[in-house]
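Engineer: the sequence and its predicted three-dimensional model are supplied below.
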Amino acid sequence: MKKDSHYRPGRPAVFPSSTVADFVSQRIRVCEKTQKEIALALGYKNANVIAMIKSGSTKVPLRVVPHLARELAIDEAFFMRMVLREYMPETLVALESVYRTPVTQNETEILSVLRDRTSSTDPELRTEAQEEKLAEFCRSLLDAGDPGERDWR
């Protein structure tokens, strides 16, 4: 396989094509919680900060990312990577080069199936054809419907 393959450590992960603000707005629409409830759960006195995050006029503070992820039923590692990718991409690359990319709950399930189907033999991608088959499988996972309603955990 080519040395500059997209599987190398430290390469930023692929995320929905929306901004953090748009993604948070989508998740709020489907989570059945009010902005006020979310704000209170995060320790804010009113919903203004949530409205500002949704509009993009305020960034999600890093210390709030795990808590907001739980409130919106999003995997914490997924959301943290998304936030860092948009707000601090160089920091994300640096963190992933040292700590590697955190694995989300959904990725863990996929990895479990992969390990089961390969008898935990640690297979590697050896050909472009194998890489394309894997890419086709990944596209089939993404064809799961409206991303606003997808299970982001």
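Structural biologist: Now that the structure is in, tell me what you want to look at.

Engineer: please count neighbours and contacts with C-alpha atoms only from this point.
Structural biologist: Noted.

Engineer: domains of this structure?
Structural biologist: Here the domain parsing of the chain from automatic domain parsing is 20-99, 105-142.

Engineer: can I get those in a markdown table including mean neighbour count and mean pLDDT?
Structural biologist: Below are these laid out as a markdown table (neighbours: other C-alpha atoms under 10 Å; pLDDT from 0 to 100):
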| stretch | mean neighbour count | mean pLDDT |
| --- | --- | --- |
| domain 20-99 | 17 | 95 |
| domain 105-142 | 12 | 89 |
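
Engineer: just the helices from this protein, written as ranges.
Structural biologist: Listed in chain order, the helices found in the chain under DSSP state H are 20-31, 35-41, 48-55, 65-71, 76-87, 89-99, 105-117, 128-142.

Engineer: packing partners for the fourth one?
Structural biologist: Other helices and strands packing on helix 65-71, by 3 or more C-alpha pairs under 8 Å, 6 or more residues apart in numbering; DSSP states H and E, are helix 35-41, helix 76-87.

Engineer: which elements pack onto the last one?
Structural biologist: Applying 3+ C-alpha pairs under 8 Å, 6+ apart, one finds that helix 76-87 makes contact with helix 20-31, helix 65-71, helix 89-99.

Engineer: specify the angle between it and helix 20-31 in degrees.
Structural biologist: With axes from the mean of the first three to the mean of the last three C-alpha atoms, to 10 degrees applied, the angle from helix 76-87 to helix 20-31 works out at 150 degrees.

Engineer: restricting to C-alpha, output helix 76-87 in PDB.
Structural biologist: Below are the C-alpha coordinates for helix 76-87, written out as PDB (Å, rounded to 0.1, in the frame of the first residue of the first chain):
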ATOM      1  CA  GLU A  76     -17.500  12.200  23.800                       C
ATOM      2  CA  ALA A  77     -14.400  11.200  21.800                       C
ATOM      3  CA  PHE A  78     -16.100  11.800  18.500                       C
ATOM      4  CA  PHE A  79     -17.400  15.300  19.600                       C
ATOM      5  CA  MET A  80     -14.000  16.300  21.100                       C
ATOM      6  CA  ARG A  81     -12.300  15.400  17.900                       C
ATOM      7  CA  MET A  82     -14.900  17.300  15.900                       C
ATOM      8  CA  VAL A  83     -14.500  20.400  18.100                       C
ATOM      9  CA  LEU A  84     -10.700  20.300  18.000                       C
ATOM     10  CA  ARG A  85     -10.700  19.700  14.200                       C
ATOM     11  CA  GLU A  86     -12.700  22.900  13.700                       C
ATOM     12  CA  TYR A  87     -11.300  25.200  16.400                       C
END
